[in-house]
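Q: got a sequence here, can you model it:
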Amino acid sequence: MCIKRRRRKPDAFRRAIARALIEARQRTGLSQERLALEAGVNRTFVSGIERGLHEPTLRTIWRLAPKLHTQPRKLIALIEAYHPPTDG
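A: You can find the predicted model right below:
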């Protein structure tokens with residue numbers, strides 16, 4: 001019997017992470033594959049982040065940021081620009 005996995009629609013937070021990563025990656029001219037290779041993560045994970053399917057850990061953000069020629073806090077600020085924190 002085949003069990004179908006439901007694909008969850010990315011929430012606003014994951015979409016913000018995706019937009020920030022795509023923007024930063026395109027600005028540096030890196031492909032998903034090259035970014036993943038240089039940061040030591042799987043290419044499918046980078047793709048999943050950009051499609052809003054995965055949320056990177058802080059450790060992953062720390063690994064990706066230098067390869068995107070930025071600092072982790074600036075990458076987080078870009079995410080925040082797309083999805084400002086809310087009270088509560």
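
Q: contact partners of the lengthiest helix in the chain?
A: Scanning the chain for the helix with the most residues, using DSSP state H, yields helix 12-28. Residues from elsewhere that reach helix 12-28, judged by C-beta atoms under 8 Å, 6 or more residues apart in numbering: 10, 32, 35, 46, 49-56, 64, 67-70, 75, 78-83. (Each C-beta comes from the backbone N, C-alpha and C, glycine too.)

Q: how does it look with 7 Å?
A: 10, 35, 49-52, 55-56, 68-70, 75, 78-79, 82-83 (C-beta atoms under 7 Å, 6 or more residues apart in numbering).

Q: need the max-distance pair from those.
A: 10 and 69 (25.8 Å; C-beta to C-beta).

Q: which one's more surrounded, the two?
A: Neighbours per residue, other C-beta atoms under 10 Å: of residue 10 and residue 69, the larger number sits with residue 10, 16 against 12.

Q: just give me the neighbour total for residue 86.
A: Residue 86: 5 neighbours (other C-beta under 10 Å).

Q: again, but for residue 12
A: Based on other C-beta under 10 Å, the number of other residues close to residue 12 is 10.

Q: again with residue 67
A: Using other C-beta under 10 Å: residue 67 sits among 19 other residues.

Q: and what of the one 3 residues further on?
A: Neighbourhood size, residue 70 [other C-beta under 10 Å]: 17.

Q: just residue 29 next, same as before
A: Neighbour count of residue 29, defined by other C-beta under 10 Å: 8.

Q: now it: how far from residue 41?
A: 18 Å (C-beta to C-beta, to the nearest Å).

Q: again with residue 17
A: Applying C-beta to C-beta to residue 17 and residue 41 gives a distance of 14 Å.

Q: which helix or strand contains the one residue sitting closest to the centre of the chain?
A: What sits nearest the mean C-alpha location of the chain, by C-alpha atoms, centre = their mean, is residue 49, with 4.2 Å. Per DSSP states H and E, residue 49 falls inside helix 43-50.
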